[in-house]
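> Predicted model and sequence below, questions to follow.
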Amino acid sequence: MIIDPEVVTLSRLQFALTALYHFLFVPLTLGLVWILAIMESVYVMTGREVWKRMVQYWGVLFGINFAMGVATGVTMEFQFGMNWAYYSHYVGDVFGTPLAIEGLMAFFLEATLVGVFFMGWNRISRVKHLLVTWFLALGTSLSALWILVANAWMQHPVGAAFDPQTMRMEVTSFAEVFFNPVAQDKFVHTVSAGYVLGSMFVLSISAWFLLRGRNVDFAKRSMTVAASFGLAASLSVVVLGDASGYAVSLNQKMKMAAIEAMWHTEPAPASFTVVGIPDLDTRTTRAAIKVPWVLGLIGTHSIDETIPGITELVQDAKLRIGLGLQAYDAMLALRRNPDDAQAKAVLAANDQNLGYALLLKKYVDDPRQATPAQIQQAADSTIPNVPVLFWAFRIMVGCGFYFIVLFALSFWKASRRQLDQKRWFLRLALWSLPLPWLAIELGWIVAEYGRQPWAIEGVLPTALGVSSVSAGQVWTSLGGFVLFYTLLAVVDALLMLKFVRKGPDGLGIWPSADSAATH
């Protein structure tokens, strides 16, 4: 049976929307909790009550965001069974383990520590409470680690092999899955982006207080912490992003070529296209402004290695489809006779190409019956949406360099005790608040949309992963999820605005007169 493209599109749309919603909350949790740990460390070391009150106020906003992240994360995972049943069957042996560990980390370790953080101020000693906060920060990052291990395996599947008898990918080395180099790069890059968001959140809200002349001492101290932590984090994002990009050039060559709108292989080292207008129809990039050598140096860390272009990668995909058809035929032979030695040898020699043969199932029920035109169509389908990736990447990178400049300026002003002397600077800090979210969401689009047409890179096409459901059923669940997540986002925004407007003084955490807070 040929796959219904509407079901595939709707299932992808539903997962993309819910993941983007969920990712509004997770990075802020990752970043804000470390700022709490830094502030509380200062409180324990100095004994000054002002720092305790800062932790308590920012902790309220952290708690609201943490609850929303958990609520959106739980419901999002239902989709694996609802809309992606075959995906869950095919790779559940690999994908399920890190997800299960992440669930234990998030719902047992983190939830327990969050409870102690809020309820333990007057029940345990300062040092013990500080340890709880630091363990909460560590646990939050470890929770993200397991999700990113699972996601990295989708980008670069290692430590697993296809079993023709069970028709599933099965783990051969959990150590390889966990120590996947892509997972390491994704983890440090993602958590660093969260640190930037947490820092910007504190910086922007503190600037809002200073613009209104409220809680001045509180705001200055908060901005100083945010500026310091944010500068370190924003520099880390750029450095670690380079490592992540290098991993893409090694393991996802089509994604790299699409990000750069590189239609043909260039002599090494390749030039970097700063701006341009990618055209899918003509497969050219119009009005391109290029900088020689830069892409080659970034993408390969050398001056003599080439980065393949889209056209050449399509031809490579076409060859791999042909080899994959041999693996597909051998797989069917092994299903009939598990002891067929020749079929085992053919499958072992070509199993890395089996996924390419499965691309044909989008166009024909039996890939072995595919016409040359359908094979070409399947090869062409390996090209993701080049204009979307091209511009998403450039806007994301532009935001990243802007954060470095803003946090460096903030750090300089904090060191000179001039944070509240220029209203233009405070307005700039305030209106920069949405930008880390924009950059993070665009980063998700580059990573996930750039992987298409693969659910598992080179192994399982996205179109094959969907459940046997009708388009109407997916429309119903899509509407329900969008409604539920939108309500949660509205509630989160209203709660955040309510407690920001109240401020620490309105919540009784901070004295109404700033001068009384520095005793």
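Alright, I've got the coordinates.
> Identify each buried residue in stretch 351-368, please.
Across stretch 351-368, burial judged by 16 or more other CB atoms under 10 Å covers 351-364, 367. From N, CA and C alone the C-beta is placed, and that goes for glycine too.
> from the chain's centre, how far out does it sit?
Distance of stretch 351-368 from the chain centroid (CA atoms, centre = their mean, to the nearest Å) equals 29 Å.
> can you list the residues that contact that stretch?
The contact list for stretch 351-368, computed with CB atoms under 8 Å, 6 or more residues apart in numbering, reads 1-3, 5, 161-162, 317, 320-321, 323-329, 331, 347, 370-371, 374-375, 377-379, 381-382, 453-454, 456, 458-461, 463-464.
> do the same with stretch 177-190
Outside stretch 177-190, the residues that touch it by CB under 8 Å, 6+ apart are 27, 30, 94, 97-98, 144-145, 148-149, 151-153, 155-156, 158-160, 171, 236-237, 240-241, 243-244, 246-247, 251, 447.
> Filter those residues down to the buried ones, PyMOL style.
A single PyMOL command selects the buried members of the contacts of stretch 177-190 (16+ other CB under 10 Å):
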select buried, resi 27+30+94+97+98+144+145+148+149+151+152+153+155+156+158+159+160+236+237+240+241+244+246+247+251+447
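> re earlier: of the buried residues of stretch 351-368, which is the nearest to residue 309?
residue 356 (18.8 Å; CB to CB).
> separation between the closest one and residue 164?
Per CB to CB, to the nearest Å, residue 356 is found 17 Å from residue 164.
> With residue 256 instead?
Distance from residue 256 to residue 164, by CB to CB: 32 Å.
> what about these two, which has more around it?
Neighbour totals were compared for residue 256 and residue 164, and residue 256 leads with 26 against 19 (other CB atoms under 10 Å).
> got the contact list for the strand or helix carrying the more buried one?
Per DSSP states H and E: residue 256 is located in helix 253-259. Helix 253-259 is contacted from outside by 245, 248-249, 262-263, 299, 307-310, 313, 317, 382-386, 389-390, 393, 446, 450-451, using CB under 8 Å, 6+ apart.
> Try it again at 6 Å.
With CB atoms under 6 Å, 6 or more residues apart in numbering as the test, helix 253-259 has contacts from 248-249, 308-310, 313, 382, 384, 386, 389, 393, 450.
> What average pLDDT does it get?
Helix 253-259 carries an average pLDDT of 93.
> could you say what helices and strands the helix or strand just after it packs with?
Following helix 253-259 in sequence order, the next helix or strand is strand 272-279 (DSSP H and E). Contacts defined by 3 or more CB pairs under 6 Å, 6 or more residues apart in numbering; DSSP states H and E place strand 272-279 against strand 284-291, helix 386-415.
> ok now the last one, how far from the chain's centre?
Just to be clear, that refers to helix 386-415. 17 Å.
> what comes up buried for it?
Along helix 386-415, these residues count as buried under the neighbour rule (16+ other CB under 10 Å): 386, 388-394, 396-397, 399-400, 403-404, 406-407, 409-411, 413-414.
> average model confidence for it?
Here the average pLDDT along helix 386-415 is 95.
> would you list every one of the helices in the stretch 401-519 of the chain?
Assigned by DSSP state H, counting those that start in this stretch, the stretch 401-519 of the chain shows helices spanning 423-431, 434-449, 471-506.
> If you count neighbours, what's buried in the last one?
Residues 471, 474, 477-478, 481, 485, 488, 492, 495-496, 499-500, 503-505 are the ones in helix 471-506 that count as buried (16+ other CB under 10 Å).
> try the second one
Within helix 434-449, the residues scored as buried using 16+ other CB under 10 Å are 435-437, 439-449.
> tally of neighbours for residue 119?
So residue 119, with other CB under 10 Å, has 10 neighbours.
> Next, the contact list for it, please.
So residue 119 contacts nothing (CB under 6 Å, 6+ apart).
> Strands of this protein, residue ranges please.
Under the criterion DSSP state E, the chain carries strands at the ranges 160-163, 168-171, 272-279, 284-291, 454-456, 460-461.
> Mind checking the ones you listed for the one nearest to residue 207?
That would be strand 272-279 among those, by CB to CB, at 31.2 Å.
> what's next to that closest one, contact-wise?
By CB under 6 Å, 6+ apart, the list of residues contacting strand 272-279 reads 260-261, 285-291, 294-295, 386-387, 390.
> What pLDDT does the model give the most centrally placed residue in the chain?
Residue closest to the mean C-alpha point of the chain, counted by CA atoms, centre = their mean, is residue 444 at 4.5 Å. pLDDT recorded at residue 444 is 92.
> For it, which non-adjacent residue is spatially closest?
residue 23 (5.8 Å; CB to CB, 6 or more residues apart in numbering).
> The one you found: how many residues sit nearby?
21.
> right, and the helices and strands packed on strand 272-279 - which one's nearest residue 129?
helix 386-415 (26.7 Å).
> Packing partners of that closest one?
Using 3+ CB pairs under 6 Å, 6+ apart: helix 386-415 touches helix 216-251, helix 253-259, strand 272-279, helix 434-449.
> Residue 120: which of the ones you listed is closest?
It's helix 216-251; of those, that one is closest to residue 120 (CB to CB) at 22.0 Å.
> Turn the helices and strands packed on helix 386-415 into JSON lines, including distance to residue 18.
Below are the helices and strands packed on helix 386-415 laid out as JSON lines (distance: least, CB to CB, whole Å):
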{"stretch": "helix 216-251", "distance to residue 18": "24"}
{"stretch": "helix 253-259", "distance to residue 18": "23"}
{"stretch": "strand 272-279", "distance to residue 18": "28"}
{"stretch": "helix 434-449", "distance to residue 18": "12"}
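> For residue 421, state which of the buried residues of stretch 351-368 is nearest.
Looking across the buried residues of stretch 351-368 and measuring by CB to CB, the closest to residue 421 is residue 355, at 59.5 Å.
> Report the separation between that closest one and residue 171.
18 Å.
> what's the answer for residue 223, then?
According to CB to CB, residue 223 stands 47 Å off from residue 171.
> and if you look at residue 200?
Distance from residue 200 to residue 171, by CB to CB: 39 Å.
> Repeat that for residue 392.
33 Å.
> now do residue 276
43 Å.
> and if you look at residue 251?
19 Å.
> before we move on, what about residue 191?
Relative to residue 171, residue 191 is positioned 25 Å away (CB to CB).
> Next: residue 11.
Taken as CB to CB, the span from residue 11 to residue 171 is 26 Å.
> for residue 291, same thing?
43 Å.
> mind listing what's buried in stretch 208-220?
Quick answer for stretch 208-220 (16+ other CB under 10 Å): 208-210, 214-220.
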